[in-house]
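S.K.: Any chance you can model this:
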Amino acid sequence: MMVNEKGDGINNNTSLPSIQQNRPALSWELKIKKRVTVPSCLGIFRPVMGQCCHQCTPNSLSKKLGQNSFLGFRNLLSINETQTRYRGWLVRRVCCVLYVSGCKVYGSPVSDRLERVCQSNRVKEALAAAHKAPEGEDSQGQHSLLSPLLSLINTCISPGLIRFMSWMMLKMFASVFGSIQVNRNHLPALHKATQEGSPLVYVYLRQSAVDCALIPLALLCHSLRTPYTVCPLHVKSSFLRSVLEKVGVILLPPNAATELEAEMDPLYSAVMTSLVRELLHEGQALSVGVSATSGHGGQWLAIIRQLIKEGSVPDVSLVPVGISYDCAADTNVKEAGSQPVLQWLSLLLWKKPAGSVMIHLSQPFSLKEMCESGRCRVDEWLPLQDLLLPVIINNRSDSVFGKRRMSWLLPTLHSAPELEEKSHSDRDLSVAIVLHLIFSAASCTAVMSTSLVSSLLLYKHSKGVSTSVLCRDVAWLLEELLFRNRDVGFGGTLPEIIHYSLALLAPHLIIAALPSRKDPLIVPRPSTASVLHLSALAQKVTHTFILEAVGACAVSAMLCEVVLSGISSRVRSDGVEGEEVKGDMEFDVVLGQSELTEKALQLCHLLPPGIMPPCQSTQSFALDAVDSLVRCGILIMEEIPRDIHICDFWKREGTLTWTATDDPYHSDSDCEDQDLRSYKISQPKQCPEMLFFLCRMLAGHLRALCWTTSALDMMDSPLPEAEFLSQIHSHLCDTANQKKQHYESCSEEAAHTAVRTLIDLGVLLQTRQTGTVFLGVSPLFQLSENREKLQRFVSQYLYN
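M.R.: Next up, the predicted model:
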C-alpha cells in the first residue's frame, strides 16, 4: 500500500530531513552532482509498513483499516523551545531539560510485588525442589536462595531518575547519531491500545547494546508508558545495576555467566515467570529483544503465551519494532563486567555524530487472537531430515510437503515442568509466534541508504563500479524497494544520498579518484571486517528480495542440471570473465513449472529462521518465488502445446487441486491449466546480470553450508558444542582467506546457522555428557559419498 507523502521531504515534523548534514567533505563530490538525476519516486510516495498479518490477526488488522493518513516522522534529537511551555534565549539553552521534565512518566512502585511473587505456586515449587529441607524446619533456607534474584523482583520505574536518564541519553545519542527518526503512523493505535487496558509488549531484533535504550526513549517522547526492558547484559557493578533497575531494566542475575545459563535455572525461570505475570497484571509494558539467529529472548514470548493459556493474563498487544542503523553497529557491549560498559559510555562523549537511526513502531495485535483463532497453524511442521534427506541421499525427484520444524528456537527446560508444553504442536505454536515476530520486526525495518549501496557493491559490482553507474543502480533499486512496499530511512536528492552513504562506508571501500578518469572508481575493500560490515547492512535488502532470490537460485539450479545432463542448449555471449557477464547471453532452455517450483521448495527448507513468513506454507512461498521472476522480467511464461504429454508433480501430489464450491464440474480456469506452463529466460541484455545479482544474495549462506560440510572430514568429533562451533568458524575464515574472496561466508552467525542446519538435517548428532552438549558426525554421513551428495545438493544453488 502506498500513500502520498505530505511536504517536500524536508519538514522535520512530516517527512525525513535531508541527510546532507554532518557529512564529511570528499574530493569527488562535484563529479557526483554533475552526473546524476533525482529519482521520480523519492519524496512522492512512501509505503505503509508494520500492519498486522491479515491471516493470523484479521480482527486486529480491521481496527486500522481506512486510517492511512501519513503522519510523518519525528527526530528525537531535534528539541527546541517550541516543544516546551516557555520562550526566550535562556529557554533555548536549556530546552532539552525543560522538555524532558515536562514529559509524562508513568511511575511504577514496587509496593508488595516481592510478597506476591514469593507466594506464587511456581516459586514455591521451585524453592521446594531446590532446597530439600527436613519436615518442620524453618523455610529461611529456601528464601535465602532468592537473595540473588531480589533485585530483579524489585525492578521499578522512578519518574525522577528516568527523566534524568532520558536527558542524558538524548545528549549522549546526539554525539553518536546525526538523527533518530521515529515513524509516527502507528502511534495513535498504540495510544488507543493503552486506553483499552491491554498491556503492550514491544518486540525487536537484537542488533546492538543501544536497542534497549532507543525504544523507551522513543516511547517517553511520545507520551507512552515506558516499558520494563529485558536486557541480556551481565553487569557486575552494584551501583550501575541499582541505577538501571530503577529505570525498569531487568538484567541477568549476578550469578549467571550467560543468558542460556540463566534460562536453564529452574528457580530463575519460575521467578521471572511470576514477575512477568505481576507486571502484566499491573498493566505495565514490556520490551523484549529476540535474536534472529539463535532465538534467544523468545522464551519471554513463550512465557506470556503460557500465562494467557492458563488464564493468568487476559491478553496482551504485541508490537513489532524495526530499528535501522546507517552503520552496522559497533556499539555492542560484551557480556563482561562494568568496566567495558563505562569505557564505552565515556568514548561515546568524544565521538563525532555518524549515521542516523530509524524506528518503526508497528500496529499492535492481540496475542490471544493469534493463539486461539487457529489461523497460525503448525500442522505440517516436520523435521528437516524428513523433508530433505530422501532428496539428498536417495535422489528422489519429488519432495515431502511440509515446513521445517525449528523447536531449538526455544530452550528445553527439563527442570521446569510448568513451562513444558504438553505436546509438540503446542511447543511449535510458541516457536511459530517467535518466528512470526522475528519476520514482522524485520519486515517493518526501513532500508537505509548505506544498505542500498552495500548490497550493490557486494552482489552486483564486487569488482568495482564507477560513481555514475552506482548512482543509476541506486535509483533503480530504490524504486524496486518502494514497489515492494518497503520503506526507506532517508530523504533528500540522489547526489546527497550517494555522497552521504559513501562517506559513511569509506573505511570499508577503496575509492580511486584519478584525473584521467571521469568518474571515481569504487571497490569494496577485500578484507574480512569490511565485507562483513557491508554484508550486515545488505541483509535488509536481501530480506526484501527474498522471493526473487529464492526463485533466481532455483533457476540457477535448473540451468546447472541442464549443463550437467548434456542437453543441448544455445548460449550466446560476447565474453564471460570470472563472475562478470559482458554482452548478451541467450538461454534457449525451457524450464518446466513443476521442476522449477520443486527446486525453490527444497531451497526454502535451507533458509535461516525469520526470513520467510511462518504463516505461509512453503509450497505457496515456492510458487510465489517463481511468479516473482515473471513479474520482474527474468522469466517469460510459455504455453506448452496440448498434444505434449507431461506429468505435473504438483497436481500429482494434490497440492493445487480445487474446484469452485458452487460448480460441481471442472471449469476452464481450474488448475488443470497449470500443467501447460513453462518458462524461458528473457533475452534482454540486463537479464543475466539481474539473475546473478539475486543469486548472490543467498550465496553467502549457502557457501558457508558447503564449506562447513567439507570441514567435517578434518574434524575429530565428537567435540563440545562451543569448541565445535569455534573450529567451524576458524575453518570458514581460513577458507575465505585462502580464496581471498567470499568473506561474507565466514561470520560467526554464518557458522552458527550452518551448524544448526546440519544438526536438523541429521548430519550432526547432539549428545549430552556430564551436562555438556557434544556434536559428532552421524553414522550416515561418516561415509564420504553421502557428504559429497549433500555438498552437491547445496552447491547447485550457487550460480558460479
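S.K.: buried ones in the longest helix along the chain?
M.R.: Counting by DSSP state H, the longest helix found in the chain is helix 687-711. Across helix 687-711, burial judged by 16 or more other CB atoms under 10 Å covers 687-688, 690-709, 711. Placement of C-beta: from N, CA and C, glycine included.
S.K.: do stretch 736-755 as well
M.R.: Buried residues in stretch 736-755 (16+ other CB under 10 Å): 736, 742-747, 749-755.
S.K.: cool, stretch 454-467 as well?
M.R.: Quick answer for stretch 454-467 (16+ other CB under 10 Å): S454, S455, L456, L457, L458, Y459, K460, H461, S462, V465, S466, T467.
S.K.: which intervals of the stretch 601-750 of the chain have sub-threshold pLDDT?
M.R.: The stretch 601-750 of the chain contains residues with pLDDT under 70 at 639-676, 683-686.
S.K.: For it, which segments count as helices?
M.R.: 618-631, 649-652, 687-711, 721-739, 748-761 (DSSP state H, counting those that start in this stretch).
S.K.: Take these and write them to a markdown table, including distance to F545.
M.R.: Below are the helices of the stretch 601-750 of the chain laid out as a markdown table (distance: least, CB to CB, whole Å):
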| stretch | distance to F545 |
| --- | --- |
| helix 618-631 | 9 |
| helix 649-652 | 24 |
| helix 687-711 | 6 |
| helix 721-739 | 24 |
| helix 748-761 | 19 |
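S.K.: Quick check: which element contains the residue nearest to N154 when sequence neighbours are not counted?
M.R.: Excluding its sequence neighbours, the residue lying closest to N154 (CB to CB, 6 or more residues apart in numbering) is V110, at 5.2 Å. For V110, there is no host helix or strand (DSSP states H and E).
S.K.: give me every residue that touches V110.
M.R.: I153, N154, C156 (CB atoms under 8 Å, 6 or more residues apart in numbering).
S.K.: got it, and K246?
M.R.: T155, C156, I157, S158, L161 are the contacts of K246 under CB under 8 Å, 6+ apart.
S.K.: Which of the residues you listed sits closest to L77?
M.R.: Nearest to L77 among the contacts of K246, counting by CB to CB, is L161 at 21.4 Å.
S.K.: was I right about V182 contacting V357?
M.R.: No: using CB atoms under 8 Å, V182 is not in contact with V357, being 9.2 Å away.
S.K.: ok, those two, which is more surrounded?
M.R.: V357 (28 against 22; other CB atoms under 10 Å).
S.K.: Wasn't that one part of a helix?
M.R.: No: remark: V357 does not belong to a helix; assigned using DSSP: H, G, I helix; E, B strand; the rest coil, it is strand.
S.K.: So for it, what's the nearest residue that isn't a sequence neighbour?
M.R.: I180 (4.6 Å).
S.K.: Now for the one you found, how many residues are close by?
M.R.: Neighbour tally, I180, other CB under 10 Å: 25.
S.K.: Just the mean pLDDT for the helix or strand hosting it, thanks.
M.R.: Applying DSSP H and E as the criterion places I180 in strand 179-183. Averaging pLDDT along strand 179-183 yields 91.
S.K.: helices or strands next to that strand in the packing?
M.R.: strand 73-75, helix 211-220, strand 356-361 (3 or more CB pairs under 8 Å, 6 or more residues apart in numbering; DSSP states H and E).
S.K.: Check these for me and report the most buried one.
M.R.: strand 356-361 (a mean of 26; mean count of other CB atoms under 10 Å).
S.K.: and that strand, which strands flank it?
M.R.: Here strand 356-361 is paired, per DSSP bridges, with strand 179-183 (parallel), strand 317-325 (antiparallel).
S.K.: Can I get the shortest one as CSV, trimmed to CA atoms?
M.R.: C-alpha atoms of strand 179-183 as CSV (Å, rounded to 0.1, in the frame of the first residue of the first chain):
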residue,chain,number,x,y,z
SER,A,179,19.3,11.9,13.9
ILE,A,180,16.9,9.4,15.5
GLN,A,181,13.8,9.4,13.4
VAL,A,182,10.5,7.8,14.6
ASN,A,183,7.7,6.9,12.2
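S.K.: need the contact list for the spatially most central residue of the chain.
M.R.: The chain has A442 as the residue nearest its centroid, 4.2 Å off, counting by CA atoms, centre = their mean. By CB under 8 Å, 6+ apart, the contact list for A442 reads L205, A292, G322, K540, H543, G610, I611.
S.K.: For those, which two are the farthest from each other?
M.R.: Checking those with CB to CB, the most distant pair is G322 and I611, at 14.9 Å.
S.K.: out of these two, which sits in the more crowded spot?
M.R.: Using other CB under 10 Å as the criterion, G322 and I611 rank with G322 on top: 24 against 20.
S.K.: What ranges does the stretch 551-700 of the chain have for its strands?
M.R.: 575-577, 580-582, 590-592, 635-639, 677-681 (DSSP state E, counting those that start in this stretch).
S.K.: got the buried residues for the last one?
M.R.: Taking 16+ other CB under 10 Å as the neighbour-count basis, strand 677-681 is seen to contain the buried residues R677, S678, Y679, I681.
S.K.: Report all helices and strands that that strand contacts.
M.R.: So strand 677-681, by 3+ CB pairs under 8 Å, 6+ apart, packs with strand 590-592, helix 593-604, helix 618-631, strand 635-639.
S.K.: quick one, domains of the chain?
M.R.: With domains defined by automatic domain parsing, the chain comprises 1-49+453-528, 72-132+143-366, 381-443, 546-654+672-685, 699-795.
S.K.: Include distance to A536 when you put the ones you listed into JSON lines, please.
M.R.: Listed next are the domains of the chain as JSON lines, based on distance: least, CB to CB, whole Å:
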{"stretch": "domain 1-49+453-528", "distance to A536": "8"}
{"stretch": "domain 72-132+143-366", "distance to A536": "4"}
{"stretch": "domain 381-443", "distance to A536": "13"}
{"stretch": "domain 546-654+672-685", "distance to A536": "14"}
{"stretch": "domain 699-795", "distance to A536": "8"}
